[in-house]
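Novice: Give me coordinates for this.
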Amino acid sequence: MKAKLVRLVSIVCLFALVLTACSSASTPASTQPAATEATAAATTQVAASEPVEIEVFTRFADGASKAFFDETAASFMAEHPNIKVTVTSADNQTYKTEIGVRLASDSAPDVYFAWSGVYAKNFVDGGKALDLTSYINDDQAWSSKIIANQFGPFTFDSKVYGIPIIMDGKAFYYNKDIFKELNLSVPENWDQFMQVLQTLSKSQYIPISLGNIDDWATGHYMTTLNQRVVPADVLAKDYALEGDNNFTDPTYIDALNYLKDMVPYFTPECNSVTYDQGINDFVSGKAAIYYEQFNQVQYIEPATFDWGWFDFPDIEGAAGDQNALTGAPQGFMVSATTKHPAEAVEFLKYLTSVDVASKMVKETSMISTVDGAINKDTADDKFIQIAESIKAASSINLWLDNATNSEVAATYLQGIQAMVGGAMTPEEVMQSVQEKAAEVKAAQ
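Specialist: Numbers count the residues shown, from 1 in each chain. Sure thing, here's the model as predicted:
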């Protein structure tokens with residue numbers, strides 16, 4: 001009996017030990033979820049307190065423009081404490097080299113500056129640019145404030161890859177005092193333009209100041225003449241090197257002949273004249289007319305005479321678009337490999353808000369793409385008129401060297417310069433362009 005009692009007590013004790021063990025094992029199991037949730041909450045809180053970091057790479061390396069972007073990054077971060085923005089910059093030539101290297105590496109900037117047209121398209125074709133179409137479409141309250149015709153040069157295959165920040169155009173600046181002295185009126189078409197030039201050629205003044213030692217100068221003339229003379233669909237196809245027999249339409253030769261008609265009125269031996277000399281001849285009052293970009297207006301402003309501008313004259317009966325404006329917006333693209341696309345776009349939205357864009361105009365004199373940023377509080381009357389001229393254009397006609405393949409453009413520009421100097425005919429220029437286009441396509 002005593003033995004049975006001992007065995008019973010032992011069993012009870014063993015059972016109690018098992019229960020105790022089970023209880024001890026189940027206690028951490030029941031408290032583990034609470035510990036995990038607490039840890040997760042703490043981790044989330046730490047993550048939320050650590051800002052997302054994005055890099056913005058610009059070509060604005062000094063002066064008021066650099067200061068503006070630095071200050072804009074600082075004010076953006078003050079309003080968006082969860083986003084840290086680092087602005088890096090390089091001068092134009094250095095930037096052109098560095099951005100390609102950076103985008104091909106593991107250290108690509110999240111947001112980077114880009115000229116429009118072929119320059120931007122190269123990044124798109126290389127898979128280096130993020131498609132921004134959905135961001136633009138989903139926030140019309142923001143994107144509708146950007147002047148619509150500025151998106152075109154950043155649009156490829158109906159998708160937008162860049163946000164235009166600065167817009168530009170090109171027009172003939174003229175000395176109003178000289179026009180008044182010679183009783184000249186602003187020409188509205190090509191025939192009137194030629195009459196004005198003929199009158200000026202009989203005076204003491206250079207009719208049109210031109211420094212063409214760098215071939216892009218007459219390339220800008222040709223850009224506009226092609227747009228005025230060549231049918232828009234033909235021009236678009238040939239610049240894109242699509243279809244067969246590119247640049248064979250006879251209107252290209254017509255366009256070159258219009259430029260050839262202007263040569264007697266340019267600065268003598270213009271192929272040996274620098275850009276600086278060309279603009280100085282106008283600003284000093286030696287020349288009556290000068291073809292220049294709106295974004296270069298600061299170089300015109302020192303002139304002591306009254307000046308204005310007029311659009312490149314319409315060519316009546318020509319097959320091209322008479323309402324487009326030669327120019328090219330500049331803007332920013334987002335890297336296709338960024339880990340923070342939403343934050344990158346948020347910065348671009350801030351940069352193109354009316355308040356920030358107005359600050360850019362006032363502090364840097366850059367022509368903002370944001371409707372309303374150029375106003376009586378940020379610019380003078382001439383600057384406002386410039387913005388309205390760009391806004392009214394049917395489309396933006398990209399510079400020739402931005403509009404087509406770089407090798408084709410180089411051949412074209414060299415040929416134009418040679419023609420202006422008397423070394424080639426219009427037919428010879430176009431033959432060289434046709435051959436280069438065929439060569440480039442064959443190598444693709």
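
Novice: mind showing which ranges of the stretch 201-350 of the chain have poor pLDDT?
Specialist: For the stretch 201-350 of the chain, no stretch is flagged by pLDDT under 70.

Novice: Now do the strands in it.
Specialist: For the stretch 201-350 of the chain, the strands defined by DSSP state E, counting those that start in this stretch cover 206-209, 287-293, 307-310, 325-326, 330-334.

Novice: closest one to Thr251 among those strands?
Specialist: With CB to CB as the criterion, Thr251 lies closest to strand 325-326 of the strands of the stretch 201-350 of the chain, at 17.0 Å. Any C-beta I mention is one placed from the backbone N, CA and C, and that applies to glycine too.

Novice: Adjacent strands (with direction) for the closest one?
Specialist: Paired with strand 325-326 in the same sheet, following DSSP bridges, are strand 396-397 (parallel).

Novice: Beyond the partner strand, next helix or strand please.
Specialist: Using DSSP states H and E, the helix or strand that follows strand 396-397 in sequence is helix 400-403.

Novice: Output that following helix as PDB, nothing but the C-alphas.
Specialist: C-alpha atoms of helix 400-403 as PDB (Å, rounded to 0.1, in the frame of the first residue of the first chain):
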ATOM      1  CA  LEU A 400      19.100  71.200 -86.600                       C
ATOM      2  CA  ASP A 401      21.800  69.600 -84.500                       C
ATOM      3  CA  ASN A 402      19.200  68.600 -81.900                       C
ATOM      4  CA  ALA A 403      16.700  67.400 -84.400                       C
END
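
Novice: name the helices or strands packed onto that helix?
Specialist: helix 118-125, helix 216-229, helix 406-420 (3 or more CB pairs under 8 Å, 6 or more residues apart in numbering; DSSP states H and E).

Novice: Just name the most buried of those helices.
Specialist: Looking across these with neighbours counted as mean count of other CB atoms under 10 Å, the highest average goes to helix 216-229: a mean of 24.

Novice: is it true that Met77 lies in a helix?
Specialist: Yes: applying DSSP: H, G, I helix; E, B strand; the rest coil, one finds Met77 inside a helix.

Novice: That one and Phe57, how far apart?
Specialist: 17 Å (CB to CB, to the nearest Å).

Novice: okay, these two: which has more neighbours?
Specialist: Set Met77 next to Phe57 and count neighbours by other CB atoms under 10 Å: Phe57 wins out with 22 against 16.

Novice: Is the more buried one in a helix, a strand, or coil?
Specialist: Criterion first, three-state DSSP; result for Phe57: strand.

Novice: wait, what's in contact with it?
Specialist: Contacts for Phe57 (CB atoms under 8 Å, 6 or more residues apart in numbering) come out as Thr88, Ser89, Ala90, Tyr95, Glu98, Ile99, Arg102, Pro109, Val111, Tyr112, Phe113.

Novice: okay, now Ala423: neighbour count?
Specialist: 12.

Novice: Over to it. Which of the three states is it?
Specialist: Of the three states, Ala423 takes coil under three-state DSSP.

Novice: Need the pLDDT of it.
Specialist: If you check Ala423, the pLDDT there is 98.

Novice: next one: Ala42
Specialist: 36.

Novice: Which of the helices and strands packed on helix 400-403 sits closest to Gly243?
Specialist: Comparing the helices and strands packed on helix 400-403 under CB to CB, the one sitting nearest is helix 406-420, at 14.4 Å.

Novice: Can you name the secondary structure element that comes next after that closest one?
Specialist: Moving toward the C-terminus from helix 406-420, the next element (DSSP H and E) is helix 426-443.

Novice: Next, the angle from that next one to helix 216-229.
Specialist: 90 degrees (axes from the mean of the first three to the mean of the last three CA atoms, to 10 degrees).

Novice: okay if I get the helices and strands packed on helix 400-403 as JSON lines plus distance to Gly152?
Specialist: JSON lines is the format used below for the helices and strands packed on helix 400-403 (distance: least, CB to CB, whole Å):
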{"stretch": "helix 118-125", "distance to Gly152": "11"}
{"stretch": "helix 216-229", "distance to Gly152": "13"}
{"stretch": "helix 406-420", "distance to Gly152": "19"}
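
Novice: if we can go back for a sec, restricted to buried residues, select the contacts of Phe57 in PyMOL.
Specialist: Per 16 or more other CB atoms under 10 Å, the buried members of the contacts of Phe57 correspond to this PyMOL selection:
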select buried, resi 89+90+95+98+99+102+109+111+112+113
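
Novice: From the contacts of Phe57, which land in strands?
Specialist: Residues of these located in strands (DSSP state E): Thr88, Ser89, Val111, Tyr112, Phe113.
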